[in-house]
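A.B. asks: predicted model and sequence follow; I will ask about them next.
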Amino acid sequence: MTIDETAVRGSGLPATLTPALIDRLTSLVAAADDADRTTTTAPYTGLRLAEFPVSTPAAVEDAYVRARAAQAGWAAVPVRERKRILLRFHDLVLARQHEALDLMQAESGKTRRDAFLEVTDIAITARYYARTAAGLLAPRRRRGAIPVLTHTTELRHPKGVVTVISPWNYPLSMAAGDAIPALMAGNAVVQKPDTQTALTALWALALMREAGLPTDVWQMVIGRGSVIGDSLMAGGDYLMFTGSTASGRRIAAGAGERLIGASLELGGKNAMVVLADADIDRAAEGAVAACFPSAGQLCVSIERLYVAEEIRDAFVAAFVERTRRLRLGAAYDFSVDVGSLTNPAQLETVTAHIADAVAKGATVLAGGHARPELGPLFHEPTILTDVTPEMTLFAEETFGPVVSIYPYRDVEDAIAAANATPYGLNASVWSRDGAAGRAVAARLHAGTVNVNEAFAAAWGSIDAPMGGMGDSGLGRRHGADGLLKYTEPQTVAHQRLQGFAPPRGVGHERWSRVLTLALRALRRLGAH
């Protein structure tokens, strides 16, 4: 495969990532002074990046105690003051974005353009919830049991302490993005970011405290789930998790045992459907943007492409040509298109899936190989065809820069094939006819579907809910749901003058006739 490539430029970290900054961030971990230490490495080079204190179960339990004590005071802070803190955080994120970009690249191996999308995402999320929280949390009048006589109000109370477990692939979007609405709703947060990308999460925590958030209201712990998972499960009043479907099932079971709520964004095997009337060049550009951001390590990226037979050859040629032109490499600037995978396990999965497919008859149209000369975890963007059900990557999530192309004759076949998966996270449809594209989109089994876009349109529509169906999870982030899930609704109903019991001197039989007449009258009047 001929890819214009930019080799790794030196083995050091950017000048912004000083030992002093890294030490300051790691000191924010909720852990004992004499805690054991764990070390991370930079995906670009494999060299040592940071050393973190490890939180013991006792340290996690102590974090919950402090969070619970702080939460009562935080819930009493007026929403308008929480709004001011969040908007200050918004401004700090934009002003200090170069630190965040360098941190994300150093920890995850992604390109600067992919890292910058996380900065914009968090700025949008912070501004949205700062501006909408007051309205979402305000008391709401509801229709009473008896018109005029029943005064009913819905109140929203914070859950208490929210547990957030965030992944390594989008370390700013997933860490800060899920904490922001929980905090705006008046909760405290205890969070376990993935250790590999914990510096970025801790950077967000530092900025939020600088913006005015009280210290114990948002805390972070570091450690293996196998060691501190029980303490995390036992401590919170609600759980937000982003990760694998297998882990999500275990977390859902644990939440069920405790009778607490949980929101889970899990795996996906996302499909893109290219209709016969699609603009081929635009769809090919869209496919590149859909399949290879963050080296394919994106929950909503596309791994299956269904293309109408009439345009298959033209589309494949355009897609392959654009993929081969992608610049693969490491640079702390905007000069490359595709970066590194983040950890050895992902490289192993990608290479194993491709090798299995090729051994069973798949054809490689572009890519197909690791690129160790660029760095230890680089892999070429890869396009496959002739993929069949016995191949591992046919149905299993690869979570890497790999996509399979399948032709179809009838759009009904494409819809059925796209839906033939237990997952249901994201999908994409391409057509010159917007109405036709939306009609197909509405029939796809996915929580978000984009027309003439890969995933950014639905993800960026932050006023609308985002989440998965089936094995892709439950619950939603973004929109009103993304904040209200962190609250307990309470109904306060004040009955005035007369209730459902008969007034003094009126028998139950007579009173039942009166109520029957009243119900019939309300029906005729069109009352709810």
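C.D. replies: Structure's in. What do you need?
A.B. asks: residue boundaries of the strands in the stretch 301-450 of the chain?
C.D. replies: Secondary structure of the stretch 301-450 of the chain by DSSP state E, counting those that start in this stretch: the strands cover 302-308, 328-329, 363-366, 382-385, 402-408, 426-430, 448-451.
A.B. asks: rounded mean pLDDT for the fourth one, please.
C.D. replies: What it means is strand 382-385. On average, the pLDDT along strand 382-385 is 98.
A.B. asks: so how far is that strand off the chain centroid?
C.D. replies: Distance, stretch centre to chain centre, for strand 382-385: 26 Å (Cα atoms, centre = their mean, to the nearest Å).
A.B. asks: ok, now the last one?
C.D. replies: Strand 448-451 has its average C-alpha position 16 Å from the chain's average C-alpha position, going by Cα atoms, centre = their mean.
A.B. asks: which strands and helices sit next to that strand?
C.D. replies: strand 426-430, helix 434-441, helix 456-460 (3 or more Cβ pairs under 8 Å, 6 or more residues apart in numbering; DSSP states H and E). Every C-beta, even on glycine, is put in place using the N, C-alpha and C of the backbone.
A.B. asks: and of those, who's closest to Gly109?
C.D. replies: helix 456-460 (20.9 Å; Cβ to Cβ).
A.B. asks: contacts for that closest one, please.
C.D. replies: Outside helix 456-460, the residues within contact range by Cβ atoms under 8 Å, 6 or more residues apart in numbering are 117, 121, 124, 289, 300, 426, 448-451, 464, 466, 478.
A.B. asks: now it, how far from the centre of its chain.
C.D. replies: Distance, centroid of helix 456-460 to centroid of chain: 12 Å (Cα atoms, centre = their mean).
A.B. asks: okay, that helix in PDB with CA atoms only?
C.D. replies: What follows is helix 456-460, C-alpha atoms only, in PDB (Å, rounded to 0.1, in the frame of the first residue of the first chain):
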ATOM      1  CA  ALA A 456     -20.600  14.100  13.600                       C
ATOM      2  CA  ALA A 457     -24.000  15.400  12.700                       C
ATOM      3  CA  ALA A 458     -25.800  13.300  15.300                       C
ATOM      4  CA  TRP A 459     -23.100  13.500  17.900                       C
ATOM      5  CA  GLY A 460     -22.800  17.200  17.500                       C
END
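A.B. asks: distance between the ends of stretch 446-460?
C.D. replies: 16 Å (Cα to Cα, to the nearest Å).
A.B. asks: how near is Trp321 to Leu365?
C.D. replies: Actually, residue 321 is Glu. It isn't Trp. Distance from Glu321 to Leu365, counting by Cβ to Cβ, to the nearest Å: 10 Å.
A.B. asks: who has more neighbours out of the two?
C.D. replies: Neighbour totals were compared for Glu321 and Leu365, and Leu365 leads with 20 against 11 (other Cβ atoms under 10 Å).
A.B. asks: what's the pLDDT at that one?
C.D. replies: 98.
A.B. asks: quick one: name whatever helix or strand follows the longest helix along the chain.
C.D. replies: Ranked by number of residues, the top helix in the chain under DSSP state H is helix 112-137. Downstream of helix 112-137, the next assigned helix or strand under DSSP states H and E is strand 140-142.
A.B. asks: which residues lie in contact with the closest residue to Arg113 other than its chain neighbours in this structure?
C.D. replies: Leaving out its chain neighbours, the residue that sits closest to Arg113 by Cβ to Cβ, 6 or more residues apart in numbering is Phe334, at 5.6 Å. When contacts are counted by Cβ under 8 Å, 6+ apart, Phe334 touches 111-113.
A.B. asks: let me know the closest of those residues to Ile383.
C.D. replies: For the contacts of Phe334, the nearest to Ile383 is Thr111 (19.3 Å; Cβ to Cβ).
A.B. asks: and the closest one, how close does it get to Leu92?
C.D. replies: Thr111 is 24 Å from Leu92, by Cβ to Cβ.
A.B. asks: looking at these two, which has the bigger crowd around it?
C.D. replies: Thr111 (30 against 17).
A.B. asks: so how far is Gly212 from the residue most central in space within the chain?
C.D. replies: When Cα atoms, centre = their mean is applied to the chain, the residue found nearest the centroid is Met174 (5.4 Å). Distance of Met174 to Gly212, given as Cβ to Cβ: 23 Å.
A.B. asks: same check on Gly526?
C.D. replies: 50 Å.
A.B. asks: ok, these two, which is more surrounded?
C.D. replies: Gly212 (14 against 6).
A.B. asks: could I get the pLDDT score of that one?
C.D. replies: 98.
A.B. asks: is it correct that it is in contact with Arg88?
C.D. replies: Yes - Gly212 is in contact with Arg88 according to Cβ atoms under 8 Å; the separation is 6.3 Å.
A.B. asks: count of neighbours near Val288?
C.D. replies: 20.
A.B. asks: ok, the residue nearest to it when sequence neighbours are not counted to Asp386 distance?
C.D. replies: Distances taken as Cβ to Cβ, 6+ apart put Arg322 closest to Val288, at 5.1 Å, once the chain neighbours are dropped. Noted for Arg322: a distance of 21 Å to Asp386, by Cβ to Cβ.
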